[in-house]
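S.K.: Give the three-dimensional model of this entry:
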Amino acid sequence: MFDIGFWELLILFGIGLIVLGPERLPRVAMKVGRWAGQARRTARTLTTQLRSELDMDQTIGGYQPKKPQNYSRPGMDDLKPGAEAASEQPAKKDD
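M.R.: Residues are numbered from 1 along each chain as shown. Got it, this is the predicted structure:
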């Protein structure tokens with residue numbers, strides 16, 4: 001991520017020692033280390049969640065929904081496609 005070599009790290013340590021002093025430098029270094037660890041954990045969690053969401057989308061993309069079931073309820077035949085042809089035919093009368 002960061003291309004920091006040995007000499008750059010040594011220069012940063014020296015500047016930190018001059019600015020912060022020997023008493024505060026270890027505390028600041030621990031805080032920065034904790035923040036970096038927390039940022040790394042957050043990035044790892046985010047990456048895992050994104051990968052799982054993408055995997056879910058791929059499985060859903062191949063999903064074929066079931067065909068609707070045929071229910072036999074009174075009056076439902078009028079709602080089915082092609083019911084116009086059935087409704088145009090005269091109904092049989094029981095004698």
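
S.K.: So Arg41, which state does it fall into?
M.R.: helix (DSSP: H, G, I helix; E, B strand; the rest coil).

S.K.: typo on my end, it should be Ile4
M.R.: Note that with three-state DSSP, the state of Ile4 is coil.

S.K.: Could you check how far it is from Ser52?
M.R.: Separation of Ile4 from Ser52 (Cβ to Cβ, to the nearest Å) stands at 32 Å. Quick note: C-beta positions are derived from backbone N, CA and C, even for glycine.

S.K.: Tell me how many other residues surround Arg24.
M.R.: 12 (other Cβ atoms under 10 Å).

S.K.: Give me the phi and psi for it.
M.R.: The phi/psi pair for Arg24 (degrees, to the nearest 10) reads phi -90, psi -20.

S.K.: I'd like the average pLDDT over the host helix or strand of Pro26.
M.R.: Using DSSP states H and E, Pro26 sits within helix 6-61. For helix 6-61, mean pLDDT rounds to 88.

S.K.: Quick one: list the elements packing against that helix.
M.R.: For helix 6-61, there is no helix or strand it packs on, judged by 3 or more Cβ pairs under 8 Å, 6 or more residues apart in numbering; DSSP states H and E.

S.K.: Tally up the residues packed near Gly16, please.
M.R.: Other residues close to Gly16 by other Cβ under 10 Å number 15.
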